[in-house]
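Asks: coordinates only, sequence not included:
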């Protein structure tokens with residue numbers, strides 16, 4: 001064997017090599033050991049597992065509500081003792097009994113004939129009542145004004161046997177629309193500082209409002225560290241420049257007075273002429289009326 005042949009033998013695989021290929025079959029590769037096959041869950045078992053939903057703590061089991069049933073927190077709210085949110089707190093605290101048994105489950109349903117005891121007092125739910133009053137002067141919503149000024153509840157006496165309260169406050173000098181209801185959720189809703197319904201006031205000042213002050217009010221202002229947003233302010237057409245129309249979201253009449261006192265004007269009268277879409281149309285001073293079903297729906301959707 002010459003050196004050339006020796007070099008070819010020592011070299012690696014060459015594509016053009018003329019060496020004959022071997023016809024000897026290669027031994028078969030041994031199969032990899034496999035574990036036992038996992039059994040697939042049956043369709044029925046999967047359905048049963050899906051139905052098992054973990055129940056939250058203090059959560060009543062879900063079931064279809066019957067036509068005459070009512071959630072316990074709504075039942076308590078309808079009785080006029082507190083709002084639904086507060087009722088949930090009492091329920092979780094164990095202060096509510098149904099048919100003598102304490103109930104702490106949220107979403108518990110009660111039906112007619114159930115005996116509901118709230119903090120030691122038996123409850124009777126009332127039908128919701130909504131009354132609109134055009135309040136005159138010298139009546140107040142406060143209960144501590146003494147004998148000189150009478151309470152506004154005297155003006156709606158006899159309108160209902162339900163225990164109603166005024167939505168918001170009005171002093172003796174403020175007139176106009178005042179809403180009464182036994183719906184504690186609605187009273188709370190319109191008492192929140194971020195509620196979205198508009199109110200319109202007619203304000204009488206001791207002197208003409210300067211145009212530059214009107215412009216400043218329209219841009220909003222800061223009173224006692226709080227930003228007051230004014231939707232609209234204008235002179236009332238056909239009246240003196242001391243008669244001003246003011247539109248804003250607050251139901252707090254004190255804010256209306258503070259806006260003008262901030263610019264050194266004395267407020268002589270404040271008359272609320274619109275409240276969350278309700279107006280004084282066909283409602284003389286000192287009179288009241290029940291809201292229509294549509295008006296109630298509108299208030300709840302504000």
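Replies: On my side now, so go ahead. No experiment lies behind these values; they were computed from the predicted model shown. Numbering: from 1, shown residues only.
Asks: Would you pull up how far stretch 264-284 lies from the middle of the chain?
Replies: With CA atoms, centre = their mean, to the nearest Å as the basis, stretch 264-284 stands 26 Å off its chain's centre.
Asks: got the buried residues for that stretch?
Replies: Buried residues in stretch 264-284, counted by 16 or more other CB atoms under 10 Å: 265, 267, 270-276, 278, 280. All C-beta spots, glycine's among them, are computed from the backbone N, C-alpha and C.
Asks: wait, which of these is closest to residue 194?
Replies: residue 276 (14.4 Å; CB to CB).
Asks: give the contact list for that closest one.
Replies: Residue 276 sits next to 190, 197-199, 298-299, 302 when contact means CB atoms under 8 Å, 6 or more residues apart in numbering.
Asks: for residue 288, same thing?
Replies: Going by CB under 8 Å, 6+ apart, residue 288 touches 131-134, 155-156, 159, 180.
Asks: Format those residues as a markdown table; extra columns: neighbour count.
Replies: Putting these into a markdown table (neighbours: other CB atoms under 10 Å) gives the following:
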| residue | neighbour count |
| --- | --- |
| 131 | 20 |
| 132 | 22 |
| 133 | 24 |
| 134 | 20 |
| 155 | 20 |
| 156 | 19 |
| 159 | 16 |
| 180 | 24 |
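Asks: of all these, which comes closest to residue 76?
Replies: residue 180 (20.7 Å).
Asks: Next up, phi/psi of the closest one, please.
Replies: When read as degrees, to the nearest 10, the backbone of residue 180 gives phi -120, psi 140.
Asks: same question, residue 83
Replies: Main-chain torsions, residue 83, degrees, to the nearest 10: phi -80, psi 170.
Asks: And for it, nearest residue in space, chain neighbours not counted?
Replies: Nearest residue to residue 83 in three dimensions, chain neighbours excluded: residue 184, at 4.7 Å (CB to CB, 6 or more residues apart in numbering).
Asks: so that neighbour makes contact with residue 85?
Replies: No. In this structure residue 184 lies outside contact range of residue 85 using CB atoms under 8 Å: 9.7 Å.
Asks: ok, these two, which is more surrounded?
Replies: Between residue 184 and residue 85, counted using other CB atoms under 10 Å, the more crowded position is residue 184 (22 against 12).
Asks: Residue 186 and residue 193, how far apart?
Replies: The gap separating residue 186 from residue 193 is 16 Å, by CB to CB, to the nearest Å.
Asks: same question, residue 212
Replies: 29 Å.
Asks: go on, residue 138?
Replies: With CB to CB as the criterion, residue 138 and residue 193 are 29 Å apart.
Asks: hey, where'd the helices end up in this structure?
Replies: Along the chain, counting by DSSP state H, helices occupy 3-10, 43-51, 72-78, 84-92, 184-189, 211-218, 253-261, 293-301.
Asks: what about residue 186 and residue 193, which has more around it?
Replies: residue 186 (19 against 9).
Asks: Contacts only, for the one residue sitting closest to the centre of the chain.
Replies: In the chain, the residue lying closest to the centroid (CA atoms, centre = their mean) is residue 189, at 7.3 Å. By CB under 8 Å, 6+ apart, the contact list for residue 189 reads 195, 302.
Asks: any idea of the pLDDT on it?
Replies: Residue 189 is assigned a pLDDT of 88 by the prediction.
Asks: and the gap between the residue nearest to residue 83 and residue 278?
Replies: Separation of residue 184 from residue 278 (CB to CB): 19 Å.
Asks: just to revisit the earlier point, mean pLDDT lowest where, among the helices of the chain?
Replies: When the helices of the chain are ranked by mean pLDDT, helix 3-10 comes last with a mean of 48.
Asks: Please enumerate the strands of the stretch 151-300 of the chain.
Replies: Here the stretch 151-300 of the chain has its strands, by DSSP state E, counting those that start in this stretch, at 165-166, 174-181, 199-205, 221-223, 226-228, 232-235, 243-248, 267-275, 278-279, 288-290.
Asks: In TSV: the ones you listed, plus mean pLDDT and distance to residue 114.
Replies: Shown next, in TSV, are the strands of the stretch 151-300 of the chain (pLDDT from 0 to 100; distance: least, CB to CB, whole Å):
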stretch	mean pLDDT	distance to residue 114
strand 165-166	92	27
strand 174-181	96	25
strand 199-205	97	40
strand 221-223	91	50
strand 226-228	89	46
strand 232-235	97	50
strand 243-248	96	45
strand 267-275	96	37
strand 278-279	96	36
strand 288-290	96	29
